[in-house]
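K.L.:
sharing a sequence plus its predicted fold:
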Amino acid sequence: MIPYPDVSPDIVTVGPIRLRWYGLMYVIGFLVGRQILLRLSRSRFLQLPHVAVDDFLLALFVGMLVGARLTYMVIYYVPSPEVPFRWWYTPFAVWEGGLSFHGGVLGMLIVCWIFSRKFRVPFFSISDSLTLAAPVGIALGRIGNFVNAELYGREASVPWAMRFPIRDFDGTVLGWTTPRHPSQLYESLGEGLATLVVVWLAKRYARRHGIVTAIGIIWYGFIRFFLEFFREKDPQMPYYFGWMTMGQILCAVMVFIGIPWLILAYKRGPIIAERSDFPD
């Protein structure tokens with residue numbers, strides 16, 4: 001067993017203000033993603049105007065948050081006697097946790113469609129660019145989950161298993177889990193870095209827009225489906241068919257959507273006309 005690194009989830013605390021590693025990871029992912037989108041816009045792979053990239057990013061953040069929360073409330077949320085549902089509070093209480101990655105993806109794709117209509121550019125050009133920019137944020141976000149000691153894996157006896165701290169809200173360690181898979185690190189590598197490699201390789205060889213998005217959806221659905229076998233399921237959710245988690249069901253849906261998407265893009269997607277002689 002490997003000892004869990006002694007890292008506080010807080011970088012610095014000043015009174016009630018806490019700067020956390022988790023938030024910093026997402027800020028870095030956001031800034032890197034912004035630079036990728038700006039570069040793709042300059043080369044005209046992303047056919048949005050250069051000045052619209054920041055507006056697009058802001059809309060993506062809102063779309064991701066709304067889609068992730070709504071999907072969680074519809075699919076994952078189960079009220080309890082201790083925390084009853086309050087229509088004026090519960091759906092908006094994102095600070096209490098409860099976001100669905102798959103819903104966030106849906107929300108961002110809707111934003112891509114809205115911007116494609118607003119600027120009259122191909123939807124696939126925008127969705128491809130988002131697919132190329134997102135994996136860095138995913139990889140860093142999973143590192144943030146690891147530092148927070150959350151979303152850890154199932155019980156394990158492998159040599160690299162870890163006991164994760166169970167923390168109070170203020171960071172006080174209340175106890176330790178049984179040895180678990182460090183599934184956050186598996187996901188950072190598989191859902192983040194490996195996806196980054198796959199989609200940029202797809203960009204190198206693709207001749208039509210839409211192919212990168214389709215391959216990204218298929219790969220993410222496949223690798224997340226596999227990694228779910230190591231991740232602890234949501235405690236309020238059952239196993240389906242005796243072994244399948246809700247996350248795996250949603251990943252299977254991603255793959256089944258991605259395959260016809262790939263066929264459609266290969267046959268009818270807009271031709272990529274990217275310039276390589278743009279100034280940095």
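P.N.:
That came through fine. Because the structure is predicted, anything quoted here is derived from the model rather than measured. Residues are numbered from 1 along each chain as shown.

K.L.:
pLDDT weak spots in the stretch 151-280 of the chain?
P.N.:
Low-confidence segments of the stretch 151-280 of the chain (pLDDT under 70): 274-280.

K.L.:
show me where it has its helices.
P.N.:
183-187, 194-205, 211-227, 246-268 (DSSP state H, counting those that start in this stretch).

K.L.:
dump the ones you listed to TSV, plus distance to residue 76 and mean neighbour count.
P.N.:
Every C-beta, even on glycine, is put in place using the N, C-alpha and C of the backbone. TSV is the format used below for these (distance: least, Cβ to Cβ, whole Å; neighbours: other Cβ atoms under 10 Å):
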stretch	distance to residue 76	mean neighbour count
helix 183-187	18	21
helix 194-205	23	16
helix 211-227	16	23
helix 246-268	7	17
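
K.L.:
export those as TSV, with columns for distance to residue 18.
P.N.:
TSV is the format used below for the helices of the stretch 151-280 of the chain (distance: least, Cβ to Cβ, whole Å):
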stretch	distance to residue 18
helix 183-187	20
helix 194-205	30
helix 211-227	30
helix 246-268	29
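
K.L.:
quick one, which of those is nearest to residue 155?
P.N.:
Comparison of the helices of the stretch 151-280 of the chain against residue 155 by Cβ to Cβ identifies helix 183-187 as nearest, at 11.4 Å.

K.L.:
distance of residue 199 from residue 219?
P.N.:
7 Å (Cβ to Cβ, to the nearest Å).

K.L.:
about what we covered before: tell me which of the helices of the stretch 151-280 of the chain lies nearest to residue 16.
P.N.:
helix 183-187 (27.3 Å).

K.L.:
got a list of contacts for the closest one?
P.N.:
Residues outside helix 183-187 that contact it (Cβ atoms under 8 Å, 6 or more residues apart in numbering): 142-143, 145-146, 150-154, 224, 227, 230-232.

K.L.:
6 Å instead?
P.N.:
142, 145-146, 151, 153, 227, 230-231 (Cβ atoms under 6 Å, 6 or more residues apart in numbering).

K.L.:
also stretch 59-77?
P.N.:
Contacts to stretch 59-77, defined as Cβ under 6 Å, 6+ apart, come from residues 91, 94, 98-100, 103-104, 106-108, 110-111, 234.

K.L.:
among the residues you listed, which are located in helices?
P.N.:
Assignment to helices by DSSP state H places the following of those there: 103-104, 106-108, 110-111.

K.L.:
would you mind measuring from the most centrally placed residue in the chain to residue 224?
P.N.:
By Cα atoms, centre = their mean, the chain has its centre lying nearest to residue 138, at 4.7 Å. As judged by Cβ to Cβ, residue 138 and residue 224 stand 10 Å apart.

K.L.:
now do the shared contacts for those two.
P.N.:
residue 191.

K.L.:
buried residues in stretch 42-56?
P.N.:
Buried residues in stretch 42-56, counted by 16 or more other Cβ atoms under 10 Å: 45-48, 52-53, 56.

K.L.:
which secondary structure state does residue 13 sit in?
P.N.:
Under DSSP: H, G, I helix; E, B strand; the rest coil, residue 13 falls in the strand class.

K.L.:
what about it, how many neighbours?
P.N.:
Residue 13 has 13 neighbours, counted by other Cβ atoms under 10 Å.

K.L.:
all helices of the stretch 1-150 of the chain, in order?
P.N.:
Along the stretch 1-150 of the chain, counting by DSSP H, counting those that start in this stretch, helices occupy 21-42, 53-71, 101-119, 123-147.

K.L.:
neighbours of residue 71, how many?
P.N.:
When counting by other Cβ under 10 Å, one arrives at 22 neighbours for residue 71.

K.L.:
any idea how far residue 225 is from residue 244?
P.N.:
9 Å.

K.L.:
what sits against residue 136?
P.N.:
29, 32 are the contacts of residue 136 under Cβ under 6 Å, 6+ apart.

K.L.:
let me fix that: residue 231
P.N.:
By Cβ under 6 Å, 6+ apart, the contact set of residue 231 is 153, 183.
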